[in-house]
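A.B. asks: Curious how this folds, go ahead:
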Amino acid sequence: MNSKRRFLKLSVISTALLSSTSYLAKAFAATGKKQSKKGKAIVVSTWAHGLPANDAAWQVLTKNGKAIDAVEQGVRVPEADPNVMTVGYGGYPDREGKVTLDACIMDENQNCGSVAFLQHIKHPISVARLVMDKTPHVMLVGDGALNFAIAQGFKEENLLTDKADAAWRAWLVKSKYEPVINIENHDTIGMLALDQHGDLSGACTTSGAAFKMSGRVGDSPLIGAGLYVDNDIGAATATGMGELMIKTVGCHLVVEMMRQGMSPTQACKAAVDRIANKLGDYRDFQVGFLALNKAGEFGSYCIQSGFNYAVTDKSGSKLLDANSIL
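C.D. replies: Okay, the predicted model is just below:
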């Protein structure tokens, strides 16, 4: 009898341990690394100006190039386009009439580079790339970033176009102190790419809020706020009112939500909901997130309707509308 009781007791304990092990295994699978699909290349970016940017990035990816090179080459397109008035050349100036640019870039190994309050250089993303590749630092700002760029061979240019100058002079008539966040003022391009090797990278570049206070820096050059990449899980980028992304370290939050098992869309929604709940009255604000996971799945979410994003893969390119609270 004692042997039988002992056997039954051990059987119950063994069953319980197996159940616990199975539960833990499932939990780890839900929160652990996403499995990449090698050979499945994809690039996503914010706003309609992401379509030509994606085309340039896709040219890199289809030649078996790395995601880090694709995102750099991709966002250089709107940086050089004077008709994109919130990125690079032709961007709206600050309230003193000076065009100041912010950008960051991050690769699959958590190497990253950033510049902020950079003037006279058309391609801040490429300066950020060199900060990552050639210095022990993550971020350079102001004159330090400019001097570094010149030392690396970049040429100083006048980035204030006639169109942007006219907009600034019109703003001076009333000179409203607080920048008006217009959800139709497409302020940033953030780009995420998965290459054929199964690696993720991201880039983000902007001229910032139109007519901002001199020296203002938003989320776009801040790793974790405007961009974050974890090659085990996924990547995220953001658009909208940068201060709100900074306060919540928004893109890092999106990636961590994906780590917990959420889809890219669910993770973006969770981050937007957190910001909206903190704001209370969120109807006058816009924030949006775009995410791409290790498996090549993507998604987006925002407060206001009207935010769209570009997707390019082997099937072609398309512009999609993000889901929104309002």
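
A.B. asks: Quick check: next helix or strand after the helix or strand hosting residue 309?
C.D. replies: Assigned by DSSP states H and E, residue 309 belongs to strand 308-313. Sequence-wise, the next helix or strand downstream of strand 308-313 (DSSP H and E) is strand 316-321.

A.B. asks: Check which helices and strands that next one is in contact with.
C.D. replies: helix 50-61, strand 308-313 (3 or more CB pairs under 8 Å, 6 or more residues apart in numbering; DSSP states H and E). Bear in mind the C-beta positions are built from the backbone N, C-alpha and C, glycine included.

A.B. asks: of all the ones you listed, which lies closest to residue 44?
C.D. replies: Distances from residue 44 to each of the helices and strands packed on strand 316-321 were compared using CB to CB; the minimum, 5.1 Å, belongs to strand 308-313.

A.B. asks: elements contacting the closest one?
C.D. replies: strand 42-46, helix 50-61, strand 316-321.

A.B. asks: Alpha carbons of it, in CSV - could you do that?
C.D. replies: Provided in CSV are the C-alpha atoms of strand 308-313 (Å, rounded to 0.1, in the frame of the first residue of the first chain):
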residue,chain,number,x,y,z
ASN,A,308,-1.0,56.8,-43.9
TYR,A,309,2.1,54.7,-44.5
ALA,A,310,3.9,53.0,-47.4
VAL,A,311,4.6,49.3,-47.7
THR,A,312,6.9,47.8,-50.3
ASP,A,313,7.7,44.1,-50.8
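
A.B. asks: partners of the strand holding residue 309, with directions?
C.D. replies: strand 42-46 (antiparallel), strand 316-321 (antiparallel) (DSSP bridges).

A.B. asks: What lies in contact with that strand?
C.D. replies: Strand 308-313 is contacted from outside by 40-48, 50-51, 53-55, 57-58, 290, 296, 298, 300, 317-322, using CB atoms under 8 Å, 6 or more residues apart in numbering.

A.B. asks: for residue 156, what are its contacts?
C.D. replies: Residue 156 neighbours (CB under 8 Å, 6+ apart): 120, 121, 146, 150.

A.B. asks: rewinding a little: any idea which of the strands paired with strand 308-313 is most buried?
C.D. replies: Neighbour counts (mean count of other CB atoms under 10 Å) averaged over each of these peak at strand 42-46, with a mean of 28.

A.B. asks: now the angle between helix 50-61 and that strand, please.
C.D. replies: 150 degrees (axes from the mean of the first three to the mean of the last three CA atoms, to 10 degrees).

A.B. asks: leaving aside the residues next to it on the chain, what's closest to the residue nearest the centre of the chain?
C.D. replies: Most central in the chain under CA atoms, centre = their mean is residue 237, positioned 1.8 Å from the mean C-alpha point. Spatially, and ignoring its direct neighbours in sequence, residue 237 is nearest to residue 190 (2.8 Å; CB to CB, 6 or more residues apart in numbering).

A.B. asks: Surely the one you found touches residue 242?
C.D. replies: No - the pair residue 190 / residue 242 is not scored as a contact, 11.4 Å apart, by CB atoms under 8 Å.

A.B. asks: Among these two, which residue is more densely surrounded?
C.D. replies: Ranked by neighbour count (other CB atoms under 10 Å), residue 190 and residue 242 place residue 190 first, with 31 against 28.

A.B. asks: Just give the strands next to the helix or strand the more buried one falls within in its sheet, each with its orientation.
C.D. replies: In this structure, residue 190 is located in strand 189-194 according to DSSP H and E. Strands that pair with strand 189-194, judged by DSSP bridges, come out as strand 42-46 (antiparallel), strand 200-206 (antiparallel).

A.B. asks: for the first one, what is the average pLDDT?
C.D. replies: The predicted model assigns strand 42-46 a mean pLDDT of 98.

A.B. asks: Stretch 314-326 now?
C.D. replies: 96.

A.B. asks: any idea where the helices of this protein begin and end?
C.D. replies: Along the chain, counting by DSSP state H, helices occupy 2-31, 50-61, 67-79, 124-134, 142-151, 162-172, 242-248, 250-259, 264-279.

A.B. asks: Kindly reformat these as JSON lines containing distance to residue 95 and mean pLDDT.
C.D. replies: Output for the helices of the chain, formatted as JSON lines (distance: least, CB to CB, whole Å; pLDDT from 0 to 100):
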{"stretch": "helix 2-31", "distance to residue 95": "46", "mean pLDDT": "43"}
{"stretch": "helix 50-61", "distance to residue 95": "28", "mean pLDDT": "98"}
{"stretch": "helix 67-79", "distance to residue 95": "22", "mean pLDDT": "98"}
{"stretch": "helix 124-134", "distance to residue 95": "20", "mean pLDDT": "98"}
{"stretch": "helix 142-151", "distance to residue 95": "17", "mean pLDDT": "98"}
{"stretch": "helix 162-172", "distance to residue 95": "8", "mean pLDDT": "96"}
{"stretch": "helix 242-248", "distance to residue 95": "16", "mean pLDDT": "94"}
{"stretch": "helix 250-259", "distance to residue 95": "26", "mean pLDDT": "98"}
{"stretch": "helix 264-279", "distance to residue 95": "25", "mean pLDDT": "96"}
